[in-house]
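Participant: predicted model and sequence follow; I will ask about them next.
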Amino acid sequence: MPRSTWNPCDGAVVLAPSLLAADFGNLAGAIKDLEGSGTERLHVDVMDGAFVPNFTFGTDTVRALKKLTDLPLELHLMIVEPERHLETFAKAGADAITVHYEVSPHLHRTLTEIRKLDCRAGAAINPSTPASCLDDVLEWIDLALVMTINPGWGGQKLIPRMLNKVEQVRGSIERQGLPTEVEVDGGVDATNARSCVDAGANVLVAGSAVFSHADGPAAGGRAVLEAAGAAEANR
């Protein structure tokens with residue numbers, strides 16, 4: 001789905017289930033369960049074992065996912081030298097690509113290259129990275145991702161202090177008058193989804209809360225959205 005035809009969430013709360021927490025043996029079934037449940041995009045974590053201590057999806061997986069669903073694929077590159085792989089992931093089927101500030105010394109150039117590939121551009125920051133590090137590139141990104149855990153593994157608990165950072169990023173976006181989305185990633189579930197939205201997030205990445213729900217992924221996703229007050233949330 002080209003960037004030009006992917007409408008922003010316009011303030012509504014959006015769920016982006018993280019496939020890292022899905023049952024890899026039944027990935028197709030889990031995705032089909034999510035379609036029509038309120039899920040509007042899929043979050044695909046790409047890890048290289050260098051920037052973060054884990055290995056996950058690569059380009060072959062992205063190509064396979066593209067054949068399984070029409071839901072947009074939002075790639076979160078937790079890899080070193082992401083600029084070397086942008087075109088490869090775009091050709092594989094990425095609709096959005098998010099890179100980390102911590103491994104992108106020429107972040108502005110990397111973000112503009114992502115947009116040239118007709119993908120939505122995102123920039124992420126780790127828990128120890130100040131929110132202000134994104135201030136000078138907000139104009140060139142479609143999504144600002146605040147990690148609410150230390151990246152690398154699923155199943156961690158959200159670090160409450162990170163919600164202060166979400167507020168700071170949202171404040172910077174509003175001061176600049178930009179339509180940039182604010183996404184939170186890490187430990188999001190029905191107990192804290194509303195706090196994330198109140199802090200300024202409008203895109204929620206949830207993994208275990210969705211895919212480990214007793215009634216299946218669709219029910220897990222709906223539970224997170226309902227807890228977030230998605231029906232009435234309209235920033």
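Facilitator: Received, thanks.

Participant: run a quick neighbour tally on residue 133.
Facilitator: 15 (other C-beta atoms under 10 Å). Yep, even glycine has a C-beta here, placed from its N, CA and C like the rest.

Participant: same question for residue 189.
Facilitator: Counted by other C-beta under 10 Å, the residues lying close to residue 189 total 21.

Participant: how about the residue nearest to residue 170 when sequence neighbours are not counted, phi and psi?
Facilitator: In space, and not counting its chain neighbours, residue 170 is closest to residue 200: 2.8 Å by C-beta to C-beta, 6 or more residues apart in numbering. Phi and psi for residue 200, reported as degrees, to the nearest 10, are phi 130, psi 0.

Participant: relative to residue 131, how far out is residue 200?
Facilitator: Distance, residue 200 to residue 131, using C-beta to C-beta, to the nearest Å: 11 Å.

Participant: overlap in contacts of the two?
Facilitator: Contact criterion C-beta atoms under 8 Å, 6 or more residues apart in numbering; residues shared by residue 200 and residue 131: residue 169.

Participant: got the CA coordinates for stretch 205-222 in PDB?
Facilitator: Extracted C-alpha coordinates of stretch 205-222, given in PDB (Å, rounded to 0.1, in the frame of the first residue of the first chain):
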ATOM      1  CA  VAL A 205       1.700  -2.000  19.500                       C
ATOM      2  CA  ALA A 206       0.600  -5.000  21.500                       C
ATOM      3  CA  GLY A 207       2.000  -8.500  21.300                       C
ATOM      4  CA  SER A 208       1.300 -10.900  24.200                       C
ATOM      5  CA  ALA A 209      -1.900  -9.100  25.100                       C
ATOM      6  CA  VAL A 210      -3.300  -9.900  21.700                       C
ATOM      7  CA  PHE A 211      -1.900 -13.300  20.800                       C
ATOM      8  CA  SER A 212      -2.000 -14.900  24.200                       C
ATOM      9  CA  HIS A 213      -5.600 -14.000  24.900                       C
ATOM     10  CA  ALA A 214      -7.700 -17.000  25.900                       C
ATOM     11  CA  ASP A 215     -10.300 -16.300  23.200                       C
ATOM     12  CA  GLY A 216      -7.800 -15.700  20.400                       C
ATOM     13  CA  PRO A 217      -6.100 -12.700  18.800                       C
ATOM     14  CA  ALA A 218      -9.200 -10.900  17.600                       C
ATOM     15  CA  ALA A 219     -10.600 -10.900  21.200                       C
ATOM     16  CA  GLY A 220      -7.200  -9.800  22.500                       C
ATOM     17  CA  GLY A 221      -7.100  -6.900  20.100                       C
ATOM     18  CA  ARG A 222     -10.600  -5.800  20.900                       C
END
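
Participant: buried ones in it?
Facilitator: For stretch 205-222, a neighbour-count test (16 or more other C-beta atoms under 10 Å) marks 205-213, 216-218, 220-222 as buried.

Participant: ditto for stretch 125-145
Facilitator: For stretch 125-145, burial by neighbour count (16+ other C-beta under 10 Å) applies to 125-126, 129, 131, 134, 137-138, 140-145.

Participant: what's across from residue 14 in the sheet?
Facilitator: Note on residue 14: beta-bridge partners by DSSP bridges are residue 203.
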